[in-house]
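Novice: sharing a model that was predicted from the sequence below.
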Amino acid sequence: MVKSQVKVGVLALQGDFAEHLDVLKSLKVNCILVKKTEELSDLDGLIIPGGESTTIKKLIDRYGFEPAIKSKIDSGMSLWGTCAGLICIAEKLTEEDPDPMKFISAEVSRNWFGRQVDSFESNIKFEGIEENIKAVFIRAPIVKKISKNVKVLSTLEDGTIVAIQENKIMGTSFHPEITGSSKVHEYFINLTKL
Ligand code: GLN
């Protein structure tokens, strides 16, 4: 059954949570910033924003978010990690730190574009969205390997995977919340309604 109304939280420990909240508000989605595990209780979806993944993961551990998010996922909550958020939810990283939460079956590499260029924009195709979307990459990770349950939602022209989905969990290596388009957020809301 598809839900008509959903409540979505944005994990507000560090990073650009405010920008995600603004996009959700512009879509008239019932949304909150999440600073305490209790605030997860009535959520249908959660966004872990971009920022600094080691800091975000340290705070996730400090406040006990990992088991709390896990049990919400088990009862059907959707989850979307953008950039540092994707790093935090990966199965495995090519780096030592942080210790990821293993919510999506993918191996992720941090700061992939770091040496050539720290930040750039690209117009890319995204599954289910007709027009190309503007994607902003800021010291972005990429997806190196996926298991066969994981769907690729978006790649760069050279085939580099930058957005994935496994059931109700998705990850994007770029920041759709600062582009003025709400298309990727709409995709996540539709996923949340399932
Ligand atoms: N490079 C950052 C990290 O590894 C992520 C950058 C971002 O979220 N924009 O945590």
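Specialist: On my side now, so go ahead. Numbering: from 1, shown residues only.

Novice: CA only for contacts and neighbour counts going forward, please
Specialist: OK.

Novice: so which strand or helix has the residue nearest to Glu66 when sequence neighbours are not counted?
Specialist: Distance criterion CA to CA, 6 or more residues apart in numbering; nearest residue to Glu66, sequence neighbours excluded, is Ile60 at 6.3 Å. Here Ile60 sits within helix 53-62, counting by DSSP states H and E.

Novice: got the contact list for that helix?
Specialist: Helix 53-62 is contacted by residues Leu13, Gln14, Gly15, Glu66, Ala84, Gly85, Ile87, Cys88, Asp97, Pro98, Asp99, Pro100 when judged by CA atoms under 8 Å, 6 or more residues apart in numbering.

Novice: that's a strand at the last one, yeah?
Specialist: No - read with DSSP: H, G, I helix; E, B strand; the rest coil, Pro100 is coil and lies in no strand.

Novice: excluding residues flanking it in the chain, which one is nearest it?
Specialist: Computed as CA to CA, 6+ apart, the closest residue to Pro100 that is not its neighbour in sequence is Cys88, at 4.8 Å.

Novice: what sits up against the longest strand belonging to the chain?
Specialist: For the chain, the strand with the greatest residue count under DSSP state E is strand 129-138. With contacts defined as CA under 8 Å, 6+ apart, strand 129-138 is touched by 118-126, 173-176, 178-179, 181, 183.

Novice: how about it and the ligand, any contact?
Specialist: Yes - Strand 129-138 lies within reach of the ligand by CA under 6 Å from any ligand atom, at Ile138.

Novice: and Asp97, helix, strand or coil?
Specialist: Assigned with three-state DSSP, Asp97 falls in the coil class.

Novice: dump the residue contacts of it.
Specialist: Going by CA under 8 Å, 6+ apart, the list of residues near Asp97 reads Thr54.

Novice: next one: it, what pLDDT does it get?
Specialist: We have a pLDDT of 95 for Asp97.

Novice: picking that back up, next one: the helix holding Ile60 to chain centre, how far?
Specialist: On the basis of CA atoms, centre = their mean, to the nearest Å, helix 53-62 sits 15 Å off its chain's mean C-alpha point.

Novice: so which bits of this protein are right by the ligand?
Specialist: Close to the ligand, as judged by CA under 6 Å from any ligand atom, the chain has residues Gly50, Gly51, Glu52, Ser53, Thr54, Cys83, Ala84, Arg110, Asn111, Ile138, Arg139, Ala140.

Novice: can you pull the contacts of Thr192?
Specialist: With CA under 8 Å, 6+ apart, Thr192 has these contacts: Val6, Asp44, Gly45, Met77, Ser78, Lys168.

Novice: same question, Met170
Specialist: Contacts for Met170 were tallied using CA under 8 Å, 6+ apart; they are Leu79, Trp80, Gly81, Ile104, Ala163, Ile164, Phe188.
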